[in-house]
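**Student:** Coordinates for the following, if possible.
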Amino acid sequence: MGTQGTSLDSASRAVEHKAFARVGLLGNPSDVYYGRTISFTLGNFWASVRLQPSEELVIKPHPTHDLVQFRSLDHLVNRLNNEGYYGGVRLLMAICKVFHNYCKDNKIDIHGKKFTLSYDTNIPRQTGLSGSSAIVCAALSCLLDFYRVRHLIKVEVRPNLVLAAEKELGIVAGLQDRVAQVYGGLVYMDFSKEYMDDLGHGIYTPMDISLLPPLYLIYAENPSDSGKVHSTVRQRWLSGDEFIISSMIEVANIAKEGRKTLLEKDYSKLAKLMNHNFDLRRSMFGDDALGALNIKMVEVARKVGAASKFTGSGGAVVAFCPDGPPQVKLLEDECRKAGFIVVPVEVVPSCLNAEEL
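**Tutor:** Presented below is the predicted three-dimensional model:
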């Protein structure tokens, strides 16, 4: 999978994988509307999962993210307000179930040995960087290697397994994030209905990460206003709303055009496409659904002439400064004034081997 930091300790036979945060560069949220997207994996943040053979099957709680012991009632409430009710244990359990059932349904023989799964993550919560799916993706990679079935589960099917595990938990999402994290690097994705109906997945085309210009990630340290991002758009699309349908087609076409733009390294055009992507999302979802804090992040970047859009459904923004370092300095100053964190994007290349691709 597009996980990295993979190791196989010959003495203990432990398996460890990393899966990185992802940035939706163009085309989101059309992935759940038979559209197209371009995404890449973000080396700044990742989740890691370790699988250790053991006498019993154990899912280890994380000492911070799955905290069950508190100093006081105030501590418990503050923890829930900041981190929510759920850590990563449920994610690990869900992918174990989905993996087991997939292997059983497809007559893939997996031995009866048991293991202990543990995880860690530094992906900021509620930033739209796909922190949950990163944990699931890294865990799936560990299971593939532990049971030696990587060659039996096609790479284009693996994002479906990651998504299925999250759906077990009621997490509403599309395939884009999981494809990016499974493949790693920069990926163009086509989720056209004919592919989804005939194949059960889209057509995924890796691209050279050197095609990307320098990009910047903007996010809030304590996101509190994420909005109800998908709002009524899904229902309106299903009901045949012409505005939503035509707008979503336009968003998907931005990714198609963006692929050509990247291949030609036409970065002034890229900036226009990024801005147009966000403007279309805003016209469909409305400001109340997107959330004031999220919109402010975009507007802070645009204030200095940078192109900007959501990395996902809100919580973080990807920005591009077409005018170079002086504009980057202005962006950093404005973000600091607004209380936002801004960091240069580190793009992680795919580590899939030639056989998997």
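**Student:** where exactly do the helices run in the stretch 251-357 of the chain?
**Tutor:** Using DSSP state H, counting those that start in this stretch, the helices assigned to the stretch 251-357 of the chain run over residues 267-285, 287-290, 292-303, 325-338.
**Student:** Make JSON lines from these and add mean neighbour count to it.
**Tutor:** Every residue, glycine included, has its C-beta placed from N, CA and C. Rendered in JSON lines, the data for the helices of the stretch 251-357 of the chain read as follows (neighbours: other C-beta atoms under 10 Å):
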{"stretch": "helix 267-285", "mean neighbour count": "19"}
{"stretch": "helix 287-290", "mean neighbour count": "16"}
{"stretch": "helix 292-303", "mean neighbour count": "20"}
{"stretch": "helix 325-338", "mean neighbour count": "16"}
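**Student:** Which of those helices comes out lowest on mean pLDDT?
**Tutor:** Across those, helix 287-290 has the smallest mean pLDDT, namely a mean of 92.
**Student:** A helix includes Phe40, no?
**Tutor:** No: for Phe40, which was evaluated using DSSP: H, G, I helix; E, B strand; the rest coil, the result is strand, with no helix membership.
**Student:** Verify the stated contact: it with Leu25.
**Tutor:** Yes: contact between Phe40 and Leu25 holds when scored by C-beta atoms under 8 Å: they sit 6.3 Å apart.
**Student:** Common neighbours of the two, please.
**Tutor:** Leu212 (C-beta atoms under 8 Å, 6 or more residues apart in numbering).
**Student:** Mind checking which of these two has more residues around it?
**Tutor:** The neighbour count for Phe40 versus Leu25, taken as other C-beta atoms under 10 Å, is higher for Leu25 (29 against 26).
**Student:** Please give the element, helix or strand, for Gly24.
**Tutor:** Gly24 is part of strand 15-26, with elements assigned from DSSP states H and E.
**Student:** Run me through the strand neighbours of that strand, direction for each.
**Tutor:** Under the criterion DSSP bridges, strand 15-26 sits next to strand 4-8 (antiparallel), strand 36-53 (antiparallel) in its sheet.
**Student:** Any regions of this structure where pLDDT drops low?
**Tutor:** Residue ranges of the chain with pLDDT under 70: 1-12, 223-230.
**Student:** show me where it has strands.
**Tutor:** With DSSP state E as the definition, the chain shows strands at residue ranges 4-8, 15-26, 36-53, 58-59, 115-121, 186-190, 203-207, 216-219, 307-310, 316-320, 341-344.
**Student:** most tightly surrounded among the ones you listed?
**Tutor:** Burial among those, expressed as mean neighbours by mean count of other C-beta atoms under 10 Å, is greatest for strand 15-26, which shows a mean of 28.
**Student:** That one vs strand 316-320, what angle?
**Tutor:** For strand 15-26 and strand 316-320, the angle between their directions (axes from the mean of the first three to the mean of the last three C-alpha atoms, to 10 degrees) works out to 60 degrees.
**Student:** And the residue in the chain sticking out farthest from the centre, how far from Cys351?
**Tutor:** For the chain, the C-alpha farthest from the mean C-alpha position belongs to Ser72; by C-alpha atoms, centre = their mean, that distance is 34.4 Å. From Ser72 over to Cys351 the distance is 44 Å, taken as C-beta to C-beta, to the nearest Å.
**Student:** same thing with Ser210?
**Tutor:** Ser210 is 16 Å from Cys351, where distance means C-beta to C-beta.
**Student:** quick revisit: so how far is the strand holding Gly24 from its chain's centroid?
**Tutor:** Centre-to-centre, strand 15-26 and its host chain are 6 Å apart (C-alpha atoms, centre = their mean, to the nearest Å).
**Student:** Export only the CA atoms of it, formatted as PDB.
**Tutor:** These are the backbone C-alpha positions of strand 15-26, laid out as PDB (Å, rounded to 0.1, in the frame of the first residue of the first chain):
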ATOM      1  CA  VAL A  15       5.300  -5.500  11.200                       C
ATOM      2  CA  GLU A  16       4.900  -1.800  11.200                       C
ATOM      3  CA  HIS A  17       3.500   0.600   8.600                       C
ATOM      4  CA  LYS A  18       2.800   4.300   8.300                       C
ATOM      5  CA  ALA A  19       0.000   6.000   6.300                       C
ATOM      6  CA  PHE A  20       0.100   9.700   5.700                       C
ATOM      7  CA  ALA A  21      -2.400  12.500   5.900                       C
ATOM      8  CA  ARG A  22      -3.800  13.400   2.500                       C
ATOM      9  CA  VAL A  23      -4.600  16.700   0.700                       C
ATOM     10  CA  GLY A  24      -7.400  16.900  -1.800                       C
ATOM     11  CA  LEU A  25      -5.900  19.300  -4.400                       C
ATOM     12  CA  LEU A  26      -8.600  19.500  -7.000                       C
END
